[in-house]
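> Make a model of this:
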Amino acid sequence: MKEIFKLALRNLKEHKSKSIIISLFLVFGVAIVVLGNSFLESVNRGLERDFRANYTGDLVLSVKPDKGDIIDIFGMNSTNISGEFPQIPALPDLEKVEAILAEEDDIKCQTKMVSSMCIVTNNLEVDLSEITERDDLGLEDMPISLIFAGEYETYYQVFDSLDIKEGGIPSKGSNEVLIDTRLKKAYDSFFHEDMKIGDTILIIGANTNGVIREGKVCGFYKPANENSAMYSILYCDPTLARSFADLTYASSFSQELPESVDLELSQMSEDELFGSSDDDLFGDDFDDFGIIEDSSFMSSVTKDYDSILGDTSLRDELNKTDDGSWHFILAKCNFPGQDKKVIEAIEKRCKEEELNVQVLNWKQAAYSYSATVEGIGIVFNVLIAILAIVVFIIIMNTMVVSVIERTGEIGTMRAIGAEKKFVRRLFFAESIFLTSISSFVGIILALIISAIFNSFHITVDNLIAKTILGGGLIQFIPTFKIIILTVIVALAGSIISNLYPVSSALKITPLKALSKE
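Residues are numbered from 1 along each chain as shown. You can find the predicted model right below:
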């Protein structure tokens with residue numbers, strides 16, 4: 001084998017131009033693959049680190065959605081078209097779920113949260129025409145915000161990295177709101193006024209219920225990660241948030257309504273409900289102004305609204321906000337790497353208890369963001385695969401030309417007794433040697449480019465770009481895994497691209513080669 005590698009090295013030197021061409025393709029191909037995957041690695045790591053620390057924790061529990069629906073901490077993604085803004089249902093059997101979590105020794109801390117979305121305004125009429133009239137204003141500049149309302153006693157301890165610049169967190173049971181500085185900037189620009197602590201603002205729920213509440217600004221904060229891809233968040237007390245999330249007693253509990261309503265209606269005849277069909281439109285039952293005077297459904301003195309509808313006190317109670325309802329339980333493990341084991345254990349216990357609960361890891365809980373990043377990763381990997389195929393096709397064509405030019409050399413080796421396996425090993429040795437050297441140079445080039453680029457700390461401020469890239473900081477994180485996989489792919493591709501040229505070389509007989517020579 002040692003002699004084969006010596007001969008392979010000599011052949012590469014003798015065919016220097018071909019070797020350089022193939023090497024350049026391999027060097028830049030390897031460098032691009034390493035840089036691309038290093039960028040995706042930085043995006044995924046940054047997103048995971050940010051969301052685990054500040055928004056989702058290591059695992060999240062919520063109600064199990066219907067088929068076609070996806071629940072994350074930002075809301076419900078639904079493919080079921082109903083004409084209504086889908087709301088996240090309350091987490092059921094809360095006490096049983098918390099009892100299951102209490103059994104897990106690997107959970108360090110936990111909290112509960114309500115989530116919704118809103119528009120912040122200074123009046124009831126939001127003029128959206130400014131978006132089209134002003135060149136400096138886009139959709140991302142509107143004062144739209146997520147609402148996060150955590151359990152007062154635990155939430156700000158579990159997620160304790162808020163960088164509060166002015167004021168403080170909302171008081172328990174109040175309508176105070178803690179505002180993201182990015183939301184303040186959008187509000188100031190959109191309404192041409194300066195939001196200050198103590199100001200009263202209007203919060204309009206982004207749903208079909210048309211809920212509007214007053215909020216009192218109690219502070220301003222910056223995200224813990226200034227380059228976060230996360231949208232701006234308005235923090236408030238859970239009682240205020242539940243009114244936007246449709247968390248009423250009716251949505252939390254299932255209870256049959258009294259049958260008196262149905263019985264009353266079913267016992268009434270058509271004439272009693274709508275009046276006699278024999279009556280003329282303006283007959284004796286109507287006065288001169290068309291007002292009903294007889295004992296039809298709408299004017300009956302014996303059957304008023306209360307007697308028809310029955311007691312509405314239950315309905316009124318069910319429409320009240322449920323102060324004990326929550327969307328999510330968020331938890332952090334003693335060590336983040338334990339989350340998979342903990343999730344499996346909790347899922348098993350919930351299944352045993354027949355609870356309609358799902359357990360999400362951080363990526364599933366941040367689906368609205370992570371899905372976008374994963375989509376970009378898939379597109380990028382497809383482009384890398386296309387690039388690799390093109391590079392290896394070029395290498396294969398170059399090797400075919402090289403084999404044709406070396407017909408005489410191959411025939412001579414065969415004539416002096418070289419077997420086919422010797423020729424095969426020689427060509428593969430040349431390919432492996434060339435690919436190894438080129439991969440090493442490509443990796444060094446990628447590492448140098450990464451180090452130089454990362455030293456500039458380049459960031460983007462555009463919200464859409466942040467969402468797509470998983471954060472505002474653009475950097476490369478080459479890992480040992482990325483480098484090893486790239487080298488393996490390069491070697492495998494090089495060997496595959498040499499199969500056809502080598503098979504062509506083995507078909508050359510000594511007589512044919514010497515005759516051409």
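> switch to C-alpha atoms for all contacts and neighbour counts from now on
Noted.
> who's in contact with the closest residue to residue 356 other than its chain neighbours?
Of all residues not flanking residue 356 in the chain, residue 64 sits nearest, at 5.5 Å (CA to CA, 6 or more residues apart in numbering). Contact analysis of residue 64 by CA atoms under 8 Å, 6 or more residues apart in numbering lists 356-358.
> what ranges do the strands span in this protein?
Using DSSP state E, the strands of the chain run over 59-63, 69-72, 75-78, 107-121, 144-150, 163-167, 176-180, 200-205, 212-222, 233-236, 328-333, 357-361.
> Direction included, what does the fifth one pair up with?
Counting by DSSP bridges, the strands paired with strand 144-150 are strand 107-121 (antiparallel), strand 233-236 (parallel).
> What residues sit buried inside the first one?
Judged by neighbour count (16 or more other CA atoms under 10 Å), strand 107-121 contains these buried residues: 107, 109-121.
> Ok, stretch 59-72 next?
59-65, 70-72.
> between the buried residues of strand 107-121, which is nearest residue 430?
residue 107 (55.0 Å; CA to CA).
> So for residue 117, what's the nearest residue that isn't a sequence neighbour?
residue 146 (4.4 Å).
> Correction: the previous question concerned residue 487.
residue 439 (6.3 Å).
> Low-confidence bits of the stretch 101-250 of the chain, can you list those?
124-140, 207-209, 248-250 (pLDDT under 70).
> tell me the contacts of the residue nearest to residue 117?
Residue 146 neighbours (CA under 8 Å, 6+ apart): 74, 115-118, 231-234.
> Quick check: bridge partners of it?
Here residue 146, judged by DSSP bridges, has bridge partners residue 117, residue 233.
> Hmm, residue 346 is touching residue 359, no?
Yes: here residue 346 lies in contact with residue 359, judged by CA atoms under 8 Å, at a distance of 7.4 Å.
> quick one, which of those two is more surrounded?
Each of residue 346 and residue 359 has its neighbours counted (other CA atoms under 10 Å); residue 359 has more, 23 against 20.
> Next one: the nearest residue to the more buried one once chain neighbours are set aside relative to residue 361, how far apart?
Take residue 359 and drop its neighbours on the chain: the residue closest to it by CA to CA, 6+ apart is residue 61, 4.6 Å away. Distance of residue 61 to residue 361, given as CA to CA, to the nearest Å: 9 Å.
> now residue 103
Distance, residue 103 to residue 361, using CA to CA: 19 Å.
> who has more neighbours, those two?
Using other CA under 10 Å as the criterion, residue 103 and residue 361 rank with residue 361 on top: 19 against 12.
> Could you check the pLDDT of the nearest residue to the more buried one once chain neighbours are set aside?
Closest residue to residue 361 in three dimensions, ignoring its sequence neighbours and counting by CA to CA, 6+ apart: residue 59, at 4.6 Å. For residue 59, the pLDDT comes out at 96.
> Go ahead and confirm residue 59 touches residue 363.
No: applying CA under 8 Å, one finds residue 59 not in contact with residue 363, separated by 9.1 Å.
> Out of the contacts of residue 146, which is nearest to residue 384?
Closest to residue 384, out of all of those and judged by CA to CA, is residue 231, at 30.4 Å.
> measure that closest one to residue 117 for me?
11 Å.
> which residues do these two both contact?
Common neighbours of residue 231 and residue 117 (CA under 8 Å, 6+ apart) are 145-146.
> How about residues contacting stretch 167-178?
Residues contacting stretch 167-178 (CA under 8 Å, 6+ apart): 152, 197, 214-221, 234-240.
> Reformat the contacts of residue 146 as JSON lines; add distance to residue 394.
Formatted as JSON lines, those follow (distance: CA to CA, whole Å):
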{"residue": "74", "distance to residue 394": "47"}
{"residue": "115", "distance to residue 394": "54"}
{"residue": "116", "distance to residue 394": "54"}
{"residue": "117", "distance to residue 394": "53"}
{"residue": "118", "distance to residue 394": "55"}
{"residue": "231", "distance to residue 394": "45"}
{"residue": "232", "distance to residue 394": "49"}
{"residue": "233", "distance to residue 394": "51"}
{"residue": "234", "distance to residue 394": "55"}
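> residues near residue 20, how many?
With neighbours defined by other CA under 10 Å, the count for residue 20 comes to 15.
> Next: residue 385.
13.
> try the one 4 residues further on
Look at residue 389: counted by other CA under 10 Å, it has 14 neighbours.
> Quick one: neighbours of residue 101, just the number.
20.
> do the same with residue 485
12.
> For residue 254, report the pLDDT, please.
42.
> How about residue 495?
Confidence score, pLDDT, at residue 495: 84.
> From the contacts of residue 64, list just the buried residues.
357-358.
> Pick the one among the contacts of residue 64 closest to residue 45.
residue 358 (24.5 Å).
> Next up, the contacts around the closest one.
Per CA under 8 Å, 6+ apart, neighbours of residue 358: 61-64, 347.
> Go again with 10 Å.
60-65, 71, 91, 343, 346-347, 350-351 (CA atoms under 10 Å, 6 or more residues apart in numbering).
> about what we covered before: can you tell me which of the contacts of residue 146 is closest to residue 42?
Closest to residue 42, out of all of the contacts of residue 146 and judged by CA to CA, is residue 231, at 19.5 Å.
> residues near the closest one, how many?
20.
> same question, residue 460
Other residues close to residue 460 by other CA under 10 Å number 14.
> I'd assumed residue 227 was in contact with it.
Yes: the pair residue 460 / residue 227 is scored as a contact, 8.1 Å apart, by CA atoms under 10 Å.
> can I get the buried residues of strand 107-121 in CSV with distance to residue 245?
As requested, these are exported to CSV (distance: CA to CA, whole Å):
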residue, distance to residue 245
107, 28
109, 25
110, 21
111, 18
112, 15
113, 11
114, 8
115, 7
116, 6
117, 8
118, 10
119, 14
120, 16
121, 18
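> So the residue nearest to residue 361 is in contact with residue 337, correct?
No: counting by CA under 10 Å, residue 59 stays clear of residue 337, with 11.3 Å between them.
> in stretch 143-158, what counts as buried?
Result for stretch 143-158 [16+ other CA under 10 Å]: buried residues 143-152, 155, 158.
> Output those in JSON lines; the columns should cover distance to residue 168.
JSON lines is the format used below for the buried residues of stretch 143-158 (distance: CA to CA, whole Å):
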{"residue": "143", "distance to residue 168": "21"}
{"residue": "144", "distance to residue 168": "21"}
{"residue": "145", "distance to residue 168": "19"}
{"residue": "146", "distance to residue 168": "19"}
{"residue": "147", "distance to residue 168": "17"}
{"residue": "148", "distance to residue 168": "15"}
{"residue": "149", "distance to residue 168": "15"}
{"residue": "150", "distance to residue 168": "15"}
{"residue": "151", "distance to residue 168": "16"}
{"residue": "152", "distance to residue 168": "13"}
{"residue": "155", "distance to residue 168": "14"}
{"residue": "158", "distance to residue 168": "17"}
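> which of these sit farthest apart?
Maximum pairwise distance among the buried residues of stretch 143-158 (CA to CA): 27.2 Å, between 143 and 158.
> just the contacts of residue 358 now: which is nearest residue 12?
Once CA to CA is applied, the member of the contacts of residue 358 that ends up nearest residue 12 is residue 343, at 55.1 Å.
> got a list of what the closest one touches?
Counted by CA under 10 Å, 6+ apart, residue 343 has contacts 58-61, 349, 358-361.
> and if you look at residue 443?
Applying CA under 10 Å, 6+ apart, the residues contacting residue 443 are 27-35, 449, 478, 483, 486-487.
> State the pair within those that is farthest apart.
Greatest spacing in the contacts of residue 443, by CA to CA: 449 and 487 (18.1 Å).
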